[in-house]
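Student: need the 3D shape of this:
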Amino acid sequence: MKKGFTLIELLGVVTILAIVLMIGTNAVSKVIKENKQHIHDEQMNNFVDGVRSWSYDHISSLPAEGATITITLETLITDKVVNDGIIDPLTDEVFPKTTSFCIKNVNGNYIYGIENNC
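Tutor: You can find the predicted model right below:
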């Protein structure tokens with residue numbers, strides 16, 4: 001009696017391993033994509049915090065009641081509120097300096113946000 005595996009048994013094992021690898025790769029890819037989105041969202045929140053810091057030094061520039069002003073990332077970089085060259089994890093490129101944030105005055109309360117959500 002010979003010891004070892006037949007070709008059919010080996011092909012079966014290889015097929016099963018390939019299926020497990022495909023499932024695992026898809027799951028890992030999904031987790032990486034979700035984490036990149038989470039990091040992007042956190043970075044945008046950090047930029048909004050930078051807008052808040054900017055506003056403390058530029059009180060005279062804040063909007064009147066009912067008005068909204070826009071601040072660009074370039075302004076935050078120029079005023080040294082945030083660092084230059086921060087990478088967007090979704091695109092693996094530097095955030096554009098034209099990225100806009102807003103400050104809105106609603107009944108004397110300032111609302112800080114990302115331009116398209118203000």
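Student: residues contacting the residue lying closest to residue 68 once chain neighbours are set aside?
Tutor: Spatially, and ignoring its direct neighbours in sequence, residue 68 is nearest to residue 104 (4.4 Å; C-beta to C-beta, 6 or more residues apart in numbering). Quick note: C-beta positions are derived from backbone N, CA and C, even for glycine. Going by C-beta atoms under 8 Å, 6 or more residues apart in numbering, residue 104 touches 63, 67-68, 110-111, 113, 118.
Student: quick one, grab the pLDDT at the residue most central in space within the chain.
Tutor: Of all residues in the chain, the one closest to the mean position by C-alpha atoms, centre = their mean is residue 40, 0.7 Å from it. Residue 40 is assigned a predicted lDDT (pLDDT) of 95.
Student: please identify the helix or strand for it.
Tutor: Using DSSP states H and E, residue 40 maps to helix 7-57.
Student: packing partners for that helix?
Tutor: In terms of contacts (3 or more C-beta pairs under 8 Å, 6 or more residues apart in numbering; DSSP states H and E), helix 7-57 is packed against helix 73-78, strand 100-106, strand 109-114.
Student: low-confidence regions, this protein specifically.
Tutor: For the chain, the stretches with pLDDT under 70 are 1, 117-118.
Student: sec struct for residue 2, please.
Tutor: Using DSSP: H, G, I helix; E, B strand; the rest coil, the structure places residue 2 in coil.
Student: so how far is residue 43 from it?
Tutor: Taking C-beta to C-beta, to the nearest Å as the measure, residue 2 falls 62 Å from residue 43.
Student: these two: which has the busier surroundings?
Tutor: Applying other C-beta atoms under 10 Å to residue 2 and residue 43 shows that residue 43 carries more neighbours, namely 17 against 4.
Student: do I have it right that residue 114 meets residue 46?
Tutor: No - contact criterion C-beta atoms under 8 Å: residue 114 and residue 46 do not qualify, at 11.6 Å.
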